[in-house]
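Undergrad: got a sequence here, can you build the structure:
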Amino acid sequence: MASIKVKAIVIGGTNVKEKDRQVRLFTLENGKMQVSMKGVRGEKAKMKAAKEPFCFGEYIIEQTSTSNIVTGVDIIDNFFEISKDIDKYYEACAMLDVVDKVSTSQANPQLFLQILKALKTICYENVKKYYCIDKFMLNIFAAMGYKFMTDVCSSCGGRLAKRFFNFEYGEIVCTACKNDLCDEISDACYSALRLFENTTYEKLSTLHIGGMGEMQAYSLLAKNFNWRTGFKMIDIP
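TA: Numbers count the residues shown, from 1 in each chain. This is a model prediction of the structure:
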């Protein structure tokens, strides 16, 4: 058997047998990995906390021809405070779900850094609902090649008296260039998106967005995610 050590975040899992759990790790070194954690659902299990979603640590994994078995974990942060706030919990779960859906078995350091920063922000900073996931999704789209925020029409280069999002191409267009696959972007939504794009995670707590712009932004970003990937994002109550 070969043993490897990876920095990883738990993004999901399924209970198996009496006390075991199959866990999906998003690792810095190897992308998404399916691993087995033996006996971790027992009351006195040493790695009990390391099976939970959001847990970030160094996982030691024994690799066989048929399975990956976690034999040790050094927890760096379990982001426990997220589970104490229902709004933070749902928002953080939605971000983990995005990572689960877009990640592969190939290393993606940029995505790893984004989810780690987002979890730290939502856990420890006084950030309003939707702010963190809106920032996270804008960065995800930029990494995918869809950095769509612009001050002019992406199609003709004209002035944007009104703004429309073209979901077919993932870009913002003007009234003359819109079609049936476009939704109008309100001023509040556009202002929120612009602020999120230009604000670091560390400064999100300083923002004050009005007109429900952050909610409208999430709706647009979720719809764009569905168009770009074929996956639906989790609804945030």
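
Undergrad: who touches the residue positioned nearest the centre of the chain in this structure?
TA: Taking C-alpha atoms, centre = their mean, the centroid of the chain lies closest to Met95, which sits 2.9 Å from it. Neighbouring residues of Met95 by C-beta atoms under 8 Å, 6 or more residues apart in numbering: 115, 118-119, 122, 132-133, 136. C-beta coordinates here come from the backbone N, C-alpha and C atoms, glycine included.

Undergrad: among those, which lie within helices?
TA: Taking DSSP state H, the ones among the contacts of Met95 that sit in helices are 115, 118-119, 122, 132-133, 136.

Undergrad: go through those and name the one nearest Thr64.
TA: Ranked by distance to Thr64 (C-beta to C-beta), those are led by Ile115 at 28.2 Å.

Undergrad: how many residues are close by that closest one?
TA: Using other C-beta atoms under 10 Å, Ile115 is surrounded by 24 other residues.

Undergrad: circling back: turn the ones in helices among the contacts of Met95 into CSV, including pLDDT and distance to Met233.
TA: Conversion of those to CSV gives the following (pLDDT from 0 to 100; distance: C-beta to C-beta, whole Å):
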residue, pLDDT, distance to Met233
Ile115, 98, 14
Ala118, 98, 14
Leu119, 98, 17
Ile122, 97, 16
Cys132, 98, 14
Ile133, 98, 9
Phe136, 98, 11
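
Undergrad: in CSV, list the residues you listed along with distance to Leu195.
TA: Putting the ones in helices among the contacts of Met95 into CSV (distance: C-beta to C-beta, whole Å) gives the following:
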residue, distance to Leu195
Ile115, 21
Ala118, 16
Leu119, 21
Ile122, 17
Cys132, 13
Ile133, 14
Phe136, 14
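
Undergrad: Thr150: which of those residues is nearest?
TA: Phe136 (20.2 Å).

Undergrad: nearest residue to that closest one other than its sequence neighbours?
TA: Nearest non-adjacent residue to Phe136, counting by C-beta to C-beta, 6 or more residues apart in numbering: Ala118, 4.5 Å away.

Undergrad: which parts of whatever helix or strand the residue nearest to the centre of the chain lives in are buried?
TA: Using DSSP states H and E, Met95 maps to helix 86-102. Across helix 86-102, burial judged by 16 or more other C-beta atoms under 10 Å covers 88-99, 102.

Undergrad: for stretch 18-31, same thing?
TA: 20-28, 30-31.

Undergrad: do the same with stretch 103-119
TA: In stretch 103-119, counting by 16+ other C-beta under 10 Å, buried: 103, 107-108, 111-112, 114-119.

Undergrad: stretch 138-145 too?
TA: So stretch 138-145, judged by 16+ other C-beta under 10 Å, has buried residues 138-141.

Undergrad: cool, and stretch 35-42?
TA: 35-38, 40-41.

Undergrad: how far off centre is stretch 104-121?
TA: 8 Å (C-alpha atoms, centre = their mean, to the nearest Å).

Undergrad: quick one on the thing from earlier: tell me the one of the buried residues of stretch 138-145 nearest Met215?
TA: Of all the buried residues of stretch 138-145, Met215 sits closest to Leu138, with 15.1 Å by C-beta to C-beta.
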